[in-house]
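Colleague: here is a sequence with its predicted model. Questions after.
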Amino acid sequence: MTSNQSLFFQKFGITPNDLQRYLGEALSAGGEYADLYFEYLTSTSIAIDESMVKSASQGISAGCGVRVLAGERTGYAYTDDLAPEKILRAARTAALIARGPAQQPVQDLKESASHELYQVSSPSADADIASKVELLMRADRAARAYDPRIIQVQGAYADQLRQILVIGSDGTYATDAQPLARFNLVTIARSGENSARGQSGGGGRVGMDYFQSERTPEYYAQEAARQAIIQLDAREAPAGEMEVVLGPGWPGILLHEAIGHGLEADFNRKGTSAFTGLIGKRVASDKCTVVDNGTLPSRRGSLNVDDEGSPTQNTVLIEKGILKGYISDKLSARLMGMADTGNGRRESYEHIPMPRMTNTYMLSGDDAPEDIIRSVQRGVYAVNFGGGQVDITNGKFVFSASEAYLIEGGKVTAPLRNCSLIGNGPDALTKVSMVGNDLQLDEGVGTCGKDGQSVPVGVGIPTLKLDRLTVGGTAR
Amino acid sequence: MTTTSQISNREELDLRDLVGDVVSRAMKAGATAAEAIVREGTEFSTVVRLGQVETLKEAGSRGLGLRVFQGKRAASTYSSDFTREGIEHLVRGAVDLARVTSEDPFAGLPDPDQLGSIRGDLQLYFDDVYSLPPEERIDYARRAERAALEIDLRLKNSDGGTFDASTGHKVLANSLGFVGESRGSYCSVSAVPIAQAEDKSMQRDYWFSVARTLARLESPEAVGREAARRTLRRLGARKVASTHAPVVLDPMMAQTILDNVFDAVNGNAIYRQSSFLAGKLGERVAGENVTVIDDGTMLGGFGTSPFDGEGIPTRRTVVIEKGVLKSYLLNTYTARKLGLKTTGNASRGLAGNPGIGSGNFFLPAGNRTPQQIIGEIKHGIYITEFLGFGVNLVTGDFSRGASGLWIENGELTFPVEEITVAGNLKDMLNNISEIGNDLEFRGSTACPTLRIDGMMIAGE
């Protein structure tokens, strides 16, 4: 018996018989499929500001969501009380979506295939609070020591352990215990009348030891302080179409916005995506191969099983420029007659699962990053971003650079003030003319929002050159 | 009050007793001050797409949050477990956690003489939001979508029509004897049609109505028709050449600028010097025509509450008066840090320290119609959508993706997309040259149509 079983079976007294009864109730008015998602989430967060621990918080949230699928219809209800009568009531409520004779769930629940992606010796949630505080205080000291112009440092450490049990009327039975930890640091620099902001952070499905060995508080501090100091001297960004070079790693948010969302199966099933009907067609230059991979060890976007109990996969989205596939959950897979790619995710038991990205990245190409910069006469080199957004239907996407430089005559020159980059998803990647040999994944900072639901994700790219993209600065 | 038992799936607990009990347990466990909040909510939502029900969702939820002090140290816990054991865990956890936080001379509950709650009915709760039988709720969503799609043959697809209803109930209590209780209700209807041009390119837009009572909700047909109008006018959108030109923001987009102003007067950003408005109290920060008000007391307002997240009565605060920054928005902590008085703007989730929340935050209406404002512009752009998050509050730098309609000789002409609009909020607030007469609250922040000069439009 896994630790999850013991949690829901022992702490809440749920038995295998109960599970069958709940599924039976969910299908009591018909429907093709029903599932239950049990979640027990413990979270800790600590924040420092002005070198003081001003906030420490811990919490528990637990509940069960019941879903019934009937054709394209979804009925959903949830309860934050795991007493049998409350779960049965939620099942009865969700059942109302269907209109037909009662269906029987499969009697034998079968444990889903899974991965072992979280090599956490002891989840960060179990670690001593005082040692988490010490990590933050080290970051605070290091950031202030970096430069006397750093006048403010805010840090936050947050971790959680999400234990889930998913059962489905098709026999799905999956459990997982998903750790997630995140370190975040914001700095403010001031020089005379000029102020600037820097930010860094990271983490993943890791334990505390990650922040003591792989990525230390001093690493994050140096990065956040460096950005703020550089930004003090930033000048106006140019405006208009020009060559753009994206640095490796987090600028991969380009892929997430420009193509990732547009390839989520629900939008394509409904014909509402700018990518609808483009499978087999060219959507990128032949230098571009893009995957969504939920199976990378310890990454923020990785999961052993998705929130429908299906194992995550490595799915090729674009191969040498040709659109190969969508990312899907159970509902869209069934309705579209395609394979479920293990991308059914949800924010919590209160939410209906839908196709979501995991870690989305482009594979390395052949170009040396120095050669890519050297090839640009006048353009922008963007290495850090705030966030991005896309309109799925017309394909227009925006992502906002928080650290960017001018490239003049093949050389990186002046830092630029914050500016957004805007493009069109289905053809932005056709403008990729050089792909670096330096693929990097981001530090583990991404959170993706869709339909009001947030889930952790990862992105990555090698250094990339786009021959044309609109840069939204203020200078002519 | 009639019952909402159709949707509530739990026995009524006396929430006032519950939070009182949590506070006294925390004090017994060693806290020197404590504050507890309990929230209960119900939600119903439905999406109808192409005439068929796509999703139906119904649920109730609740949560309990506790903040404790040990002298000048603060910590908090939250839980959805209301059993005796769960509450013991919540209390013990908070008191233990307060040992790791720092002594902060400004931490603590509000001064006792500040506590209180506005009396009387603020018209925040109407039980009619659940009065429709489920079939009619679904029909609201269906009617909104149908009204949108039947307007024009180019409206071929849809992301659906929706109807949502929700209620919330909260009780806040602290160890200084404050107990405040408030209920709220919402209902909303929306439509998201998708139009297709001859070249197969697609556009979507949406419209919605939201109200605290069904009686004030706009008809699904009116919402659907407006959604269709907003969608159709985007068909055939194109880029324009990069240029400096006047920008007119429709009320929904003007509101986002006001959201930026709210973030910039947030007391947390002020004491951390992470706002371009920090240290500017009493100075001119906007044109003389610009006044901005926060009012948490407006009857039936989306941002109205009888008390803030710390138990301070809400109030009306003039934030900017004729271009001069008159007040930041503060809670007890940020007020103490800045040597000022709280403005009753504490916001309280279940966990963590109180943040800053707005009441009804708005820029009062001017006297020009949007048509008059557009009519005076030779070349410019009417913005109906911003995309992305390109606002830096430390510097005021503003650069966002946008789409809208090109203005030529005072008329709206062709649709525009894939452009950015950039400037700096410091300049933008001083360059608001026209204010529309079309102030309307569709949320807690509202702004009429604005014309802003001197911004850079980046396109081709």
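Modeller: Yep, it's here.
Colleague: flag the shaky bits of the chain, pLDDT-wise.
Modeller: All of this is about chain A. A:1-6, A:121-127 (pLDDT under 70).
Colleague: think we crossed wires, I meant chain B
Modeller: B:1-13.
Colleague: now the helices for it?
Modeller: Along chain B, counting by DSSP state H, helices occupy B:15-28, B:84-97, B:134-149, B:220-232, B:251-265, B:267-271, B:332-338, B:370-375, B:425-430.
Colleague: could those helices go into JSON lines alongside distance to chain A?
Modeller: Every C-beta, even on glycine, is put in place using the N, C-alpha and C of the backbone. Formatted as JSON lines, these follow (distance: least, C-beta to the nearest C-beta, whole Å):
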{"stretch": "helix B:15-28", "distance to chain A": "14"}
{"stretch": "helix B:84-97", "distance to chain A": "5"}
{"stretch": "helix B:134-149", "distance to chain A": "8"}
{"stretch": "helix B:220-232", "distance to chain A": "9"}
{"stretch": "helix B:251-265", "distance to chain A": "12"}
{"stretch": "helix B:267-271", "distance to chain A": "9"}
{"stretch": "helix B:332-338", "distance to chain A": "9"}
{"stretch": "helix B:370-375", "distance to chain A": "23"}
{"stretch": "helix B:425-430", "distance to chain A": "10"}
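Colleague: rebuild the ones you listed as TSV, extending it with distance to residue A:206.
Modeller: As requested, these are exported to TSV (distance: least, C-beta to C-beta, whole Å):
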stretch	distance to residue A:206
helix B:15-28	33
helix B:84-97	23
helix B:134-149	43
helix B:220-232	45
helix B:251-265	32
helix B:267-271	29
helix B:332-338	33
helix B:370-375	53
helix B:425-430	38
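Colleague: now these as JSON lines including mean neighbour count and distance to residue A:255?
Modeller: Shown next, in JSON lines, are the helices of chain B (neighbours: other C-beta atoms under 10 Å in any protein chain shown; distance: least, C-beta to C-beta, whole Å):
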{"stretch": "helix B:15-28", "mean neighbour count": "18", "distance to residue A:255": "47"}
{"stretch": "helix B:84-97", "mean neighbour count": "19", "distance to residue A:255": "40"}
{"stretch": "helix B:134-149", "mean neighbour count": "22", "distance to residue A:255": "33"}
{"stretch": "helix B:220-232", "mean neighbour count": "22", "distance to residue A:255": "28"}
{"stretch": "helix B:251-265", "mean neighbour count": "21", "distance to residue A:255": "26"}
{"stretch": "helix B:267-271", "mean neighbour count": "23", "distance to residue A:255": "32"}
{"stretch": "helix B:332-338", "mean neighbour count": "22", "distance to residue A:255": "39"}
{"stretch": "helix B:370-375", "mean neighbour count": "18", "distance to residue A:255": "38"}
{"stretch": "helix B:425-430", "mean neighbour count": "21", "distance to residue A:255": "30"}
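Colleague: residue A:29: which of these is closest?
Modeller: helix B:134-149 (13.6 Å; C-beta to C-beta).
Colleague: what's the closest one packed up against?
Modeller: Where contact means 3 or more C-beta pairs under 8 Å, 6 or more residues apart in numbering or on different chains; DSSP states H and E, helix B:134-149 is packed against strand B:33-49, strand B:52-70, strand B:155-174, strand B:179-196, helix B:220-232.
Colleague: got a list of contacts for the last one?
Modeller: Which is helix B:220-232. B:140-141, B:143-149, B:151-152, B:154-155, B:161, B:163, B:189-195, B:203-209, B:384 (C-beta atoms under 8 Å, 6 or more residues apart in numbering or on different chains).
Colleague: tilt between it and strand B:155-174?
Modeller: With axes from the mean of the first three to the mean of the last three C-alpha atoms, to 10 degrees as the basis, helix B:220-232 and strand B:155-174 are set at 120 degrees to each other.
Colleague: alpha carbons of helix B:220-232, in CSV - could you do that?
Modeller: C-alpha atoms of helix B:220-232 as CSV (Å, rounded to 0.1, in the frame of the first residue of the first chain):
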residue,chain,number,x,y,z
PRO,B,220,-28.9,37.7,-21.7
GLU,B,221,-30.0,39.0,-25.1
ALA,B,222,-28.5,42.5,-24.5
VAL,B,223,-25.2,40.8,-23.4
GLY,B,224,-25.2,38.5,-26.4
ARG,B,225,-25.8,41.3,-28.9
GLU,B,226,-23.0,43.4,-27.4
ALA,B,227,-20.6,40.4,-27.5
ALA,B,228,-21.4,39.9,-31.2
ARG,B,229,-20.9,43.6,-32.0
ARG,B,230,-17.5,43.6,-30.2
THR,B,231,-16.5,40.4,-32.0
LEU,B,232,-17.6,41.3,-35.5
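Colleague: quick revisit: list buried residues within the contacts of helix B:220-232.
Modeller: B:140-141, B:143-149, B:151, B:154-155, B:161, B:163, B:189-195, B:203-209, B:384 (16 or more other C-beta atoms under 10 Å in any protein chain shown).
Colleague: which single residue in chain B comes nearest to chain A?
Modeller: residue B:420 (2.6 Å; C-beta to the nearest C-beta).
Colleague: count of residues packed around that residue?
Modeller: 33 (other C-beta atoms under 10 Å in any protein chain shown).
Colleague: kindly report the same for residue A:282.
Modeller: So residue A:282, with other C-beta under 10 Å, has 17 neighbours.
Colleague: which residues touch it?
Modeller: A:321, A:322, A:323, A:430 are the contacts of residue A:282 under C-beta under 8 Å, 6+ apart.
Colleague: please repeat the previous calculation with a cut-off of 6 Å.
Modeller: A:321, A:322 (C-beta atoms under 6 Å, 6 or more residues apart in numbering or on different chains).
Colleague: identify the bridge partners of it.
Modeller: Beta-bridge pairing for residue A:282 (DSSP bridges): residue A:322.
Colleague: for residue A:323, see how far away it is.
Modeller: Note on residue A:282: its distance to residue A:323, by C-beta to C-beta, to the nearest Å, is 8 Å.
Colleague: so who does the nearest residue to residue B:179 once chain neighbours are set aside touch?
Modeller: With C-beta to C-beta, 6 or more residues apart in numbering or on different chains as the criterion, residue B:179 has its nearest non-adjacent residue at 4.5 Å, and that residue is residue B:173. Counting by C-beta under 6 Å, 6+ apart, residue B:173 makes contact with B:19, B:20, B:23, B:36, B:179.
Colleague: ok, now with 10 Å
Modeller: B:15-24, B:34-38, B:179-181, B:311 (C-beta atoms under 10 Å, 6 or more residues apart in numbering or on different chains).
Colleague: do the same with residue A:286
Modeller: Contacts of residue A:286 by C-beta under 10 Å, 6+ apart are A:319, A:320, A:321, A:322, A:430, A:432.
Colleague: next: residue A:141.
Modeller: Residue A:141 neighbours (C-beta under 10 Å, 6+ apart): A:51, A:153, A:217, A:218, A:221.
Colleague: what about these, which are in strands?
Modeller: residue A:153 (DSSP state E).
Colleague: that older thread, find residues that contact each of residue A:282 and residue A:323.
Modeller: residue A:426.
Colleague: nearest to chain B: which residue in chain A?
Modeller: For chain A, C-beta to the nearest C-beta, closest residue to chain B: residue A:472, 2.6 Å.
Colleague: name whatever forms a beta bridge with that residue.
Modeller: Assigned bridge partners for residue A:472, using DSSP bridges, are residue A:239, residue A:420.
Colleague: pretty sure it contacts residue B:419?
Modeller: Yes - between residue A:472 and residue B:419 there is a contact under C-beta atoms under 10 Å: 7.9 Å.
Colleague: wait, doesn't residue B:96 sit right on residue B:76?
Modeller: No - contact criterion C-beta under 10 Å: residue B:96 and residue B:76 do not qualify, at 11.9 Å.
Colleague: what touches both of the two?
Modeller: A:56, A:58, B:68.
Colleague: touching the host helix or strand of residue A:413 from outside, list them.
Modeller: Assigned by DSSP states H and E, residue A:413 belongs to strand A:411-416. Applying C-beta under 10 Å, 6+ apart, the contact partners of strand A:411-416 are A:196, A:227, A:229-238, A:245, A:373-374, A:376, A:380-383, A:401, A:403-408, A:471, A:473, A:475.
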